[in-house]
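Undergrad: build the 3D model from these lines:
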Amino acid sequence: MITLRSQREIEKMRVAGQLVRQAHQRVAELVRPGITTAEIDQAVDDLFAEAGAVALFKGVPGKTPFPAATCISVNDEIVHGIPGNRVLKEGDIVSVDTGAKIGGWCGDSAWTYPVGQISNQAARLLEVTEAALNVAIELLPQKKRWSQVAAEMQDVVESAGCSVIRTLVGHGIGKSMHEEPQVPNYDSSEFRKKGDFDLRPGLVLAVEPMVAAGREDLYLHGDGWTLSTKDKSLTAHFEHTLALTKSGVRILTGEDAG
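TA: Reported below is the predicted structural model:
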């Protein structure tokens, strides 16, 4: 069941969202050639602990419980990379996804960062993926159904010669990190029949286009978490927690959340 949130509840979610935004600000300062993914994760973990927040990703059930405050995925890794001793290199692109719960409410956001000077192909991929997210932000208050927004996101990606990762989708968010509805970044007749939903004030969504420069097919690493493209093509991931209100969209994990 989809739960619509009151203005008061959205304000509480904004607090969590702004903490996650602060985490990404810290990540942006740290990302550079020579740093390890574990060092980035530790900085985010420390920030959440200082704020008295719960790092939502820690302990998520899987083959083994997820061990970190962030998912850090490099180059062809699209999601759920486990931070460790990997050293970032010049030309890498690194996706950092993280979430926090504070005061009983959740925030979730992901961003893909360039490491030093990156290739034109990588820069274009980041531009296209962020553009898909921005289209969703723009259209949420204008459209009646999510499928209409998803179709426009898909068009942005595919018209650039990239692929939407269809096996991974966004989600509702509130008192739990993952709530109804599922929020795909593409349109399909099956979704319109079985999963589509109205866009109404009070809806809070984690919208997160995940895009490959090549084919969308993925494989799971032996760690039981990390997902990479089978063709080793580069990937990007951008996500904001968005609240639809009577006056428009509030980007709870962004600068204009106030």
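
Undergrad: contacts, neighbours, all on C-alpha from now
TA: OK.

Undergrad: give the next helix or strand downstream of the strand or helix carrying Glu50.
TA: Of the helices and strands defined by DSSP states H and E, Glu50 is found in helix 37-51. Scanning forward in sequence from helix 37-51 by DSSP H and E, the next helix or strand is strand 54-55.

Undergrad: got the contact list for that next one?
TA: By C-alpha atoms under 8 Å, 6 or more residues apart in numbering, the surrounding residues in contact with strand 54-55 are Asp45, Phe48, Ala69, Thr98, Gly99, Ala100, Lys101, Ile102.

Undergrad: wait, which of these is closest to Pro181?
TA: Pro181 has its nearest neighbour among the contacts of strand 54-55 in Gly99, at 18.0 Å by C-alpha to C-alpha.

Undergrad: and for that closest one, the neighbour number?
TA: Gly99: 28 surrounding residues under other C-alpha atoms under 10 Å.

Undergrad: look up phi and psi at it.
TA: When read as degrees, to the nearest 10, the backbone of Gly99 gives phi -150, psi 150.

Undergrad: does it have beta-bridge partners, and which?
TA: Asp108 (DSSP bridges).

Undergrad: mind listing what it touches?
TA: Here Gly99 is in contact with Val20, Ala55, Leu56, Phe57, Ala69, Thr70, Cys106, Gly107, Asp108, Ser109, Met177 (C-alpha under 8 Å, 6+ apart).

Undergrad: determine which two of those are furthest apart.
TA: Spanning the widest gap among the contacts of Gly99 are Thr70 and Cys106, at 14.5 Å by C-alpha to C-alpha.

Undergrad: quick check: Ala110 vs Ser189, distance?
TA: The spacing between Ala110 and Ser189, counted by C-alpha to C-alpha, to the nearest Å, is 28 Å.

Undergrad: tell me the SS of the residue of the chain positioned farthest from its centre?
TA: In the chain, the residue that sits farthest from the middle, by C-alpha atoms, centre = their mean, is Lys193; the gap is 25.4 Å. Three-state call for Lys193 (DSSP: H, G, I helix; E, B strand; the rest coil): helix.

Undergrad: quick one: the helix holding Glu50 to chain centroid distance?
TA: 18 Å (C-alpha atoms, centre = their mean, to the nearest Å).

Undergrad: wait, doesn't Ala160 sit right on Leu126?
TA: No: Ala160 is not in contact with Leu126 according to C-alpha atoms under 8 Å; the separation is 11.5 Å.

Undergrad: which one's more surrounded, the two?
TA: Leu126 (23 against 13).

Undergrad: ok, now which ones touch that one?
TA: Leu126 makes contact with Thr112, Ala236 under the criterion C-alpha under 8 Å, 6+ apart.

Undergrad: what do you get for Ala123?
TA: Taking C-alpha under 8 Å, 6+ apart as the contact definition, Ala123 lies against Pro114.
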